[in-house]
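Undergrad: Structure for the following, please:
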Amino acid sequence: MPAPSIPNLLSLRGSRGGSRGRGRSHGRGGHPHSSAPSHDSTIQGTDTDAAVSRMSAVDLGYLHDPFAQYFVQNPVGGAVRRLPIINRGTYTRTIALDRLISSFLSGTATRERQIISLGAGTDTRCFKLFSQPGLANLIYHEIDFPAIASKKHQLVNAVPQLRSIIPNPVAGSNSWSNSSLPNGCQYWCHGLDLRDLLKDDVKSLDGIRTDVPTVLISECCLCYLEVPQAKGVINYFAKSISNLAIAIYEPIYPDDSFGKQMVSNLAARRIRMPTLDVYQDPEKQQLRLKEAGLSLTRSLTIGDVWRKWVVDEEKERVDSLEGLDEVEEWDLLADHYVVVWGWRGDGFQGWESDLIV
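TA: Below is the predicted model:
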């Protein structure tokens with residue numbers, strides 16, 4: 001594949017079918033240059049890309065997500081179809097985070113537990129989890145820009161299938177919630193620029209529990225902040241939650257030939273990832289979690305997730321959906337993204353015993 005046409009899981013420039021990216025513009029938690037609102041808007045647009053890619057993977061049978069359709073708009077000419085290499089990437093990153101969360105929930109099934117998703121945007125994970133029969137005692141938080149949180153609130157109120165999962169949400173000044181979901185579950189959506197967590201006068205987020213096992217998720221969110229800001233956001237939660245795990249999905253290896261092209265593709269869209277210059281490989285990604293006070297850390301590239309976590313039968317099923325001609329390009333692409341996770345305290349035994357790395 002010629003270098004200028006190399007796709008990546010963030011720029012998501014390749015598509016088939018419809019020719020226009022579409023969907024509601026949702027946020028990723030903030031961009032370092034507050035003086036340039038257009039940069040924030042550009043970063044928020046990456047979540048529109050993610051929603052379109054998720055819908056492409058769902059339409060083609062890679063993923064099952066009955067809620068994805070409500071977060072995209074159908075363009076003239078039909079649904080957008082991503083390239084097979086992008087669909088496989090969307091599938092693999094999704095099952096990686098799903099497996100981490102499933103292991104956490106299985107290990108804490110008899111107690112209260114908490115998930116905090118940074119820059120959640122159009123993410124549908126909360127709806128999928130709350131629709132599972134028997135799920136109990138889960139407190140789920142999403143944090144994104146106020147405008148994004150408001151749009152999600154409006155969408156939930158407007159779509160019966162979403163409203164049936166989170167009914168009668170109560171609106172606050174910059175947040176909305178339902179703290180009385182079935183089986184002791186709660187949902188909180190906070191309208192907040194993550195950079196505001198670093199301000200001296202920041203108020204505590206409603207509903208956040210510091211006394212229960214908690215997973216903090218950053219799925220291509222913290223990478224858009226300046227490094228001190230990204231550290232500050234992690235420390236905001238790490239300093240108060242003793243039983244804490246963190247799961248991060250980000251690109252790596254910016255300095256090899258593929259990585260340079262990847263960075264160039266992002267720069268063409270006015271997207272910059274400051275943390276990519278510092279946490280350049282899996283080892284440095286794990287080190288950042290240890291520096292935040294987590295005692296145990298692990299990581300897998302997306303390529304490793306495909307090779308080690310996807311069983312042969314499932315690989316055959318995914319291969320049969322479209323086929324993949326660009327095998328070498330897939331290997332390059334998948335090995336330039338990493339899922340890193342770490343934990344301390346109680347509630348994460350499954351992460352140590354059940355997850356092969």
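Undergrad: And the helices in the stretch 1-150 of the chain?
TA: 37-59, 84-107, 125-130, 146-158 (DSSP state H, counting those that start in this stretch).
Undergrad: quick one: average confidence on the longest one?
TA: Per-residue pLDDT values over helix 84-107 give a mean of 97.
Undergrad: In that helix, which residues are buried?
TA: Residues of helix 84-107 classed as buried: 84-97, 99-101, 103-105, 107 (neighbour count, 16 or more other Cβ atoms under 10 Å). C-betas here are computed from N, CA, C, even on glycine.
Undergrad: and stretch 109-127, how far apart are its ends?
TA: End-to-end distance for stretch 109-127, by Cα to Cα, to the nearest Å: 18 Å.
Undergrad: Same check on stretch 232-248?
TA: Using Cα to Cα, one end of stretch 232-248 lies 15 Å from the other.
Undergrad: so where is this protein shaky, pLDDT-wise?
TA: For the chain, the stretches with pLDDT under 70 are 1-39, 44-45, 47, 75-78.
Undergrad: what's the closest of the helices of the stretch 1-150 of the chain to Gly259?
TA: Nearest to Gly259 among the helices of the stretch 1-150 of the chain is helix 84-107 (15.5 Å), distances taken as Cβ to Cβ.
Undergrad: C-alpha coordinates for that closest one, PDB please?
TA: C-alpha atoms of helix 84-107 as PDB (Å, rounded to 0.1, in the frame of the first residue of the first chain):
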ATOM      1  CA  PRO A  84     -12.000  -3.900   5.900                       C
ATOM      2  CA  ILE A  85      -8.700  -3.000   7.700                       C
ATOM      3  CA  ILE A  86     -10.600  -0.300   9.600                       C
ATOM      4  CA  ASN A  87     -13.600  -2.500  10.400                       C
ATOM      5  CA  ARG A  88     -11.200  -5.200  11.800                       C
ATOM      6  CA  GLY A  89      -9.500  -2.500  13.900                       C
ATOM      7  CA  THR A  90     -12.800  -1.200  15.300                       C
ATOM      8  CA  TYR A  91     -13.800  -4.800  16.100                       C
ATOM      9  CA  THR A  92     -10.500  -5.600  17.800                       C
ATOM     10  CA  ARG A  93     -10.300  -2.400  19.900                       C
ATOM     11  CA  THR A  94     -13.900  -3.000  21.000                       C
ATOM     12  CA  ILE A  95     -13.500  -6.600  22.100                       C
ATOM     13  CA  ALA A  96     -10.300  -5.700  24.000                       C
ATOM     14  CA  LEU A  97     -12.100  -3.100  26.100                       C
ATOM     15  CA  ASP A  98     -15.100  -5.300  26.400                       C
ATOM     16  CA  ARG A  99     -13.000  -8.200  27.700                       C
ATOM     17  CA  LEU A 100     -11.300  -6.000  30.400                       C
ATOM     18  CA  ILE A 101     -14.700  -4.700  31.600                       C
ATOM     19  CA  SER A 102     -16.400  -8.100  31.500                       C
ATOM     20  CA  SER A 103     -13.600  -9.500  33.600                       C
ATOM     21  CA  PHE A 104     -13.900  -6.700  36.100                       C
ATOM     22  CA  LEU A 105     -17.700  -7.000  36.400                       C
ATOM     23  CA  SER A 106     -17.500 -10.800  36.800                       C
ATOM     24  CA  GLY A 107     -15.000 -10.400  39.600                       C
END
